[in-house]
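Chemist: Sequence first, predicted coordinates after that:
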Amino acid sequence: MTTQAGHAKSVQTLSNGIKTVVIEDHTSPIVSMQVWIRCGAVNENAQTAGVSHFLEHMLFKGTPRLSAGQISHAVESRGGRINAATGMELTHYYIDAPSDSFEESLAVLADAVLYPTFPADEFERERKVILEEIKRRNDDPQSDLWDGFLEVLYPQTPYRQRVIGTEATISAMTREVLMAQHQAFYVSDNMVVVIVGDVKKAKAMKQVRKLFGSLPAKKRPPFPVLFQPPREQSELKIIERPAQQAYVAVGFTGPALNDPRQVSMDVLSTVLGGGGSSRLHRILREEKRLVWSVGSSFITHAGTGLFGVFAQCAPEKARSLPAEIYMIITECESNGFSPDEVARAKSQLKSAWLFSQETYHGQASQWGFYTALGCHDLVSRYVKDLDRVRVDDLVSLLRTFFQSREMSGAVVYPSAGKN
């Protein structure tokens, strides 16, 4: 077993390449066990869109040792909970359970993730479930907004793809496609096991080696190109559909996760649109009464990140709103921010970061996310990096990534109310 440089006490690597994080904490008699795979929508194409999410649905549906009912019963009968989620770049599976059932629960999790059998009857049942999820998603105008926003900002990278897939791709999906995705990506070089809670570290590592150490050493497939050059020309995609109000999303691409400016981007998005004291909320909602709600966020990716401003407003206000947002950010680029604004944003972010670590599940999720994306050190240094952010750093970000250019994005208008 080797040790990750710089965080010997937190991240270790088994001989087959699986990264492992174990944090021992006996405050509460529970434990969170998570397995993270670097596999998501970016690892798909037009024909396989949604396969990673479909695969996630199927992994708790049976193994050579356990049926779907036995998997859920083994966890829930001991007071635990089991679930999973798929995103753009990652899929993760977890069991949170009383610590006295740690060995049994981790065995169930390992069995499900490593040895799924993809039963044919369960496969068809989950296909129907996902198709229903797609229909419900299509009924939400904000889904159209999000899809349009990503299509415009990421014309050349797979960040534009829908995690859930489409009715066409899911309807045509086969068990063989799911099995191929599992064989390619659920490999030792692409997996992180995280355990946080009321366990002895030595005991936990012994169980991890027992359950995951026998997986053959295998390299993950090459990553897709995840760098998106900035747009030379702005684009605003107009979407008409049934809705009660208008929705606006505009933004620009930003730094990747391993860029030292990552934390500064969090501060920038919070100053501009993080709550009632932010610039965008104060000017657009309280002073000008142009929106019902507005906020901004920086979306972290292993590749090119994304700064976005999202608003809801009356249809007659939507046409001019992107220009209003542009003028506010341009003024910030020219004249900067007050020290109080930046200090308040840093306090908000620090509080949110610390609150997210209050539970074992939250700690495990942080370590799993950042370790799977190759930046586990950010977990330990995030607050310190936050303290170092200054007003000039935010202005520098705008001059580097915003560059006084009109922002691209999407607007959803009610079908009968477009102006």
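Modeler: Perfect, thanks for sending it.

Chemist: can you give me the helices in the stretch 301-419 of the chain?
Modeler: Applying DSSP state H, counting those that start in this stretch to the stretch 301-419 of the chain gives helices spanning 315-318, 321-335, 339-356, 360-372, 377-388, 391-397.

Chemist: ok, now how distant is residue 118 from residue 340?
Modeler: 56 Å (Cβ to Cβ, to the nearest Å). In short, each C-beta sits where N, CA and C put it, glycine included.

Chemist: Please apply the same query to residue 393.
Modeler: Distance from residue 393 to residue 340, by Cβ to Cβ: 16 Å.

Chemist: Repeat that for residue 333.
Modeler: Distance from residue 333 to residue 340, counting by Cβ to Cβ: 19 Å.

Chemist: Residue 393 and residue 340: which has the busier surroundings?
Modeler: Neighbours were counted for residue 393 and for residue 340 using other Cβ atoms under 10 Å; residue 393 has more, 16 against 9.

Chemist: Confirm for me that the more buried one is in contact with residue 264.
Modeler: Yes: the criterion here is Cβ atoms under 8 Å, and residue 393 meets it with residue 264 at 4.7 Å.

Chemist: before we move on, what SS does the residue nearest to residue 143 when sequence neighbours are not counted have?
Modeler: Leaving out its chain neighbours, the residue that sits closest to residue 143 by Cβ to Cβ, 6 or more residues apart in numbering is residue 137, at 4.8 Å. At residue 137 the chain is in helix, as set by DSSP: H, G, I helix; E, B strand; the rest coil.

Chemist: From residue 83, how far out is residue 137?
Modeler: From residue 137 over to residue 83 the distance is 19 Å, taken as Cβ to Cβ.

Chemist: what about those two, which has more around it?
Modeler: A direct count of neighbours by other Cβ under 10 Å for residue 137 and residue 83 places residue 137 higher, at 15 against 12.

Chemist: ok so residue 227 is a helix residue?
Modeler: No: when three-state DSSP is applied, residue 227 is found to be coil, with no helix at that position.

Chemist: list the contacts for residue 108?
Modeler: By Cβ atoms under 8 Å, 6 or more residues apart in numbering, the residues touching residue 108 are 66, 71, 74, 75, 82, 95.

Chemist: so of the residues you listed, which ones are in strands?
Modeler: Members of the contacts of residue 108 lying in strands (criterion: DSSP state E): 82, 95.

Chemist: Can you tell me which of the contacts of residue 108 lies closest to residue 32?
Modeler: Set against residue 32, the nearest of these by Cβ to Cβ is residue 95 (7.8 Å).

Chemist: Number of residues surrounding the closest one?
Modeler: Neighbour tally, residue 95, other Cβ under 10 Å: 25.

Chemist: got the contact list for it?
Modeler: Counting by Cβ under 8 Å, 6+ apart, residue 95 has contacts 32, 33, 75, 80, 81, 82, 105, 106, 108, 109.

Chemist: Could you double-check that the third one sits in contact with residue 98?
Modeler: Right, residue 75. No: look at residue 75 against residue 98 with Cβ under 8 Å: they stay out of range, at 10.6 Å.

Chemist: More neighbours: these two, which one.
Modeler: residue 75 (23 against 16).
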